[in-house]
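K.L.:
Okay, sequence plus prediction incoming.
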Amino acid sequence: MNQDHSTYIAAEMGLPDSQIDAVGRMLAEGATIPFMARYRKEATGGLDEVILTSIRDHINRLEALDQRREAILKSLEQNGHLTKELQEAITAAPTMAVMEDLYLPFRPRRRTRATIAREKDLEPLAETLFAQKGGDPIVLAAAFVNPEKGVAGHEDALAGARDIIAEWVSEDATARSRLRQLFRDKGILQSTIAAGQEAAGVKYRDYFDWREAAKDAPSHRVLAMRRGESQDILNLTLAPPFDDAIDILEGLFVKGEQADSDQVRLAIIDGYKRLLSRAMETEMRLYLKERADHEAIKVFTENLRQLLLAPPLGAKRVMAIDPGFRTGCKIVCLDRQGKLLDKQTIYPHTSAAKRNSAVESVQQLCERIQIEAIAIGNGTAGRETEQFVRDLNIAHVPVVMVNESGASIYSASEIARQEFPDLDLTFRGAVSIGRRLMDPLAELVKIDPKSIGVGQYQHDVDQSALKQGLDDVVISCVNKVGVDVNRASPQLLAYVSGLGPQLAKNIVTRRDAEGPFASREALKSVPRLGPKAFEQSAGFLRIIDGANPLDASAVHPESYHIVTAMAGDLDCTVAELLQDATLQKKIQIERYQSDQTGLPTLKDILAELAKPGRDPRENFRPFAFAQGVQAIEDLRSGMQLPGIVTNVTAFGAFVDIGVHQDGLVHISELADKFVKDPSQIVKIQQQVTVTVLAVDLARKRIGLSMKRSPKKETSTRQGPGNKKAVKNKTAKASAKREPRPFNNPFAELLKPR
């Protein structure tokens, strides 16, 4: 690892150089973030995954900076522009922006107004004027009049000279640096409606005339306005006060009040309007976009983490139902390993005769297969199907509504076709619903995270950065939980530290051909699974009921000898040590310290002995929606209802209350205190109690509150007897305030395009 990089990152993050060096070295050797965080705490100083990921990203950015630096220096040298001073400045440039500013005057360019002026031999005039020694511009320009080259008079000469000066000003590194800071400090982001787009852009109406400081603009507003601009509905501008920008430039380049200084002043104004302001606006917009992307990806990844780590029901015999009205409900029955045992289609919502037949079918399946839980998708006909099943009063069988977002994506995927080549799409979706109840993590890894519906503007952010962030989260979650190597799908195995798709496939092929793995050691027989891959993956792979009880734990094989020594010192077997907490308390871990194994690893081993192979996810909690509230028309202001958080965004949280339309708890309604970050209050899949504030039937929007004593703000029910919206005194809000639930464009914009 580049030592300069190590020193820079250490200073940036406030960490010792030795930690950065160790992490950089292990990354270069192919170590994964989960492996370093779990099994190399001595080397990293106990850094967690968040910090390790940040170090990795810093290294990647600095390497990209070095690659660009090398390309710039090579270009300057080839074109004869490289001087010692310029080389030193570029070598010392701390950011891409500074480096590009230094390179800008020398980079190959298209033909500009300044280029044309130089072709007319006006550069000496520009130099004389720029020096501002008090000469008369008209007299100076007279010497450069040349009709043959297109300089008809002194005005043409002065105009050409100003074009050259304007370009000098726009390419000056100091000027760009100061204006860059001005744009960041005082830039105003303004959005207006494009001509004739009022009707088409109704969902952007909050931005028809919007204005705010760019530095304060939250990510969701930046992304919303950019999307409106990309659809030709909004016009966006970003600029600081004009006079402030000109004051900076005049302070840098204007030396007096004489006539030649006036020419420089005119060139500055022209250069700023025509060149510099546009360049800075573009750069600032990209900066805001990167910042907004970072925040949106952060929201998305945290939501995904919570969803993947949702409590599993566990190994149960499950009946899963993909509900429907006219086309019927698709039923599948799964064994405790998630294998398909039976399938049927029932029609409980069409006629009395078919409903009776459906009752008989469900009861017979539950009895024959000894169903232990029933999972029902929360899509169309979900609540009606849930009520139908609950009315059967099947003893000791919980009925659970399951979020089916992305199930249709899975059912049509190549993965689903490989698993169930002869099964209809709708039945595949039902299988996915049932397996999600049993183990959300194992099932959701088969679906593109962007299809799960927990993101914010996921189609608008940088896709490579989004993919990296989502992959990091999936890898982190899979390795945190651990994987049963004898039951896991190849998709789940692919996310295990050190494996990947090909090794995962090889593991499944070997498992199918020779039967379950009897030990972790047996993994070494898998083709292409070498020592490095084994080191990285073994601790996260579990062998349940194997010969060595440690194979079912998170103790790494490289530490088995330590546990064996502990058991030997206590005169017991490893199995007895795992089962007896009294024996574990007698272990004096300091005795087992060595140059390779320190206290952090020994403490982890001791914790694992107490609960070998423990699942870090919370225990499953049954949940039921309010009975009798199945459609948006059933809602009334003031109702208190149970709900499940389905999405957390920068402006609030969406909650499923069982009416086929999620309601929005605006950030101002999340708690009885000021809330800056909704994720500090609510999490995906959290069970909450909400109060209905308002219902807009026309736009299918529901305003909810989680406050103890919410204030009803707006009622927009448009049913009989209430055809006009009734607004209370608090409805009038400042134009600068965050849009309220029913004046909020984000609920609509959040939907995938």
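P.N.:
Received the coordinates, thanks. Numbering: from 1, shown residues only.
K.L.:
In contact with A373: list those residues for me.
P.N.:
By Cβ atoms under 8 Å, 6 or more residues apart in numbering, the contact set of A373 is 313, 316-319, 397-400, 437. (Glycine included, C-beta is placed from N, CA and C.)
K.L.:
If it is in a bridge, with which residues?
P.N.:
Beta-bridge pairing of A373 under DSSP bridges involves V318.
K.L.:
any idea how far it lies from I9?
P.N.:
49 Å (Cβ to Cβ, to the nearest Å).
K.L.:
Then T237?
P.N.:
For T237, the distance to I9 (Cβ to Cβ) stands at 37 Å.
K.L.:
Pick out whichever of these two has more residues nearby.
P.N.:
More crowded of T237 and I9, by other Cβ atoms under 10 Å: I9, with 25 against 13.
K.L.:
Tell me the buried residues in whichever strand or helix holds that one?
P.N.:
For I9, the element it lies in under DSSP states H and E is helix 3-13. Neighbour-count burial for helix 3-13 flags 5-6, 9-10 (criterion: 16 or more other Cβ atoms under 10 Å).
K.L.:
Closest one of these to G598?
P.N.:
A10 (21.3 Å; Cβ to Cβ).
K.L.:
give me every residue that touches the closest one.
P.N.:
Contact partners of A10, counting by Cβ under 8 Å, 6+ apart, are 16-17, 19-20.
K.L.:
ditto for P137
P.N.:
By Cβ under 8 Å, 6+ apart, P137 lies in contact with 129, 154, 158, 259-260, 262-263.
K.L.:
what about the strands in the stretch 451-600 of the chain?
P.N.:
For the stretch 451-600 of the chain, applying DSSP state E, counting those that start in this stretch gives strands covering 483-484, 541-542.
K.L.:
centre of the chain versus the first one, how much separation?
P.N.:
The one in question is strand 483-484. Relative to the chain's own centre, strand 483-484 is displaced by 26 Å; criterion: Cα atoms, centre = their mean, to the nearest Å.
K.L.:
For it, which strands pair with it and how are they oriented?
P.N.:
According to DSSP bridges, strand 483-484 has the following sheet partners: strand 541-542 (parallel).
K.L.:
what's the average pLDDT for the strand it pairs with?
P.N.:
Predicted confidence along strand 541-542 averages 96 (mean pLDDT).
K.L.:
can you check stretch 512-524 too?
P.N.:
Here the average pLDDT along stretch 512-524 is 94.
K.L.:
And for stretch 632-641?
P.N.:
Across stretch 632-641, pLDDT averages out at 92.
K.L.:
show me what contacts the most centrally placed residue in the chain?
P.N.:
Centroid-nearest residue in the chain: I297, 2.4 Å away (criterion: Cα atoms, centre = their mean). Going by Cβ under 8 Å, 6+ apart, I297 touches 461-462, 465-466, 469.
K.L.:
one more time with 6 Å
P.N.:
By Cβ atoms under 6 Å, 6 or more residues apart in numbering, the residues touching I297 are 461, 466, 469.
K.L.:
Quick check, pLDDT for it.
P.N.:
You'll see I297 listed with a pLDDT of 91.
K.L.:
any idea how far it is from G455?
P.N.:
Separation of I297 from G455 (Cβ to Cβ): 9 Å.
K.L.:
re the thing from before, most widely separated two among the contacts of P137?
P.N.:
Farthest apart among those by Cβ to Cβ are H154 and D262. That separation is 14.4 Å.
K.L.:
Have a look at the two and say which one is more surrounded.
P.N.:
For H154 versus D262, neighbours defined as other Cβ under 10 Å are more numerous around H154 (18 against 15).
K.L.:
Let me know whether that one touches L140 as I believe.
P.N.:
No: H154 is not in contact with L140 according to Cβ atoms under 6 Å; the separation is 8.6 Å.
K.L.:
E367: neighbouring residues, count only.
P.N.:
E367, neighbours per other Cβ under 10 Å, totals 10.
K.L.:
Repeat that for A213.
P.N.:
Neighbour number of A213 under other Cβ under 10 Å is 12.
K.L.:
Dihedrals phi and psi, it?
P.N.:
Dihedral pair for A213: phi -60, psi 130, per degrees, to the nearest 10.
K.L.:
Find the residue closest to it in space, skipping its chain neighbours.
P.N.:
Spatial nearest neighbour of A213, excluding adjacent residues (Cβ to Cβ, 6 or more residues apart in numbering): I188 at 6.4 Å.
K.L.:
Report the beta-bridge partners for that neighbour.
P.N.:
Judged by DSSP bridges, the bridge partners of I188 are A213, A239.
K.L.:
Now do the domain split for this structure, please.
P.N.:
In terms of domains, the chain is parsed into 3-106, 113-303, 318-438, 501-610, 632-749 (source: automatic domain parsing).
K.L.:
Which parts of the stretch 251-400 of the chain are strands?
P.N.:
Here the stretch 251-400 of the chain has its strands, by DSSP E, counting those that start in this stretch, at 318-322, 329-334, 340-346, 373-377, 399-402.
K.L.:
among these, which is nearest N486?
P.N.:
Nearest of the strands of the stretch 251-400 of the chain (Cβ to Cβ): strand 329-334, 17.7 Å.
K.L.:
Enumerate the positions of the helix ranked longest in the chain that are buried.
P.N.:
In the chain, assigned by DSSP state H, the helix with the most residues is helix 277-308. Of the residues in helix 277-308, 277, 280-281, 283-285, 287-289, 291-293, 295-297, 299-308 count as buried by neighbour count, 16+ other Cβ under 10 Å.
K.L.:
T95 and A195, how far apart?
P.N.:
T95 is 39 Å from A195, where distance means Cβ to Cβ.
K.L.:
And stretch 164-176, what's buried?
P.N.:
Buried residues in stretch 164-176, counted by 16+ other Cβ under 10 Å: 164-173, 175-176.
K.L.:
Contact partners for A296?
P.N.:
Shown in contact with A296 (Cβ under 6 Å, 6+ apart): 219, 456-457, 461.
K.L.:
who wins for most neighbours among those residues?
P.N.:
Neighbour count (other Cβ under 10 Å) singles out Y457 as the most crowded of the contacts of A296, with 28 neighbours.
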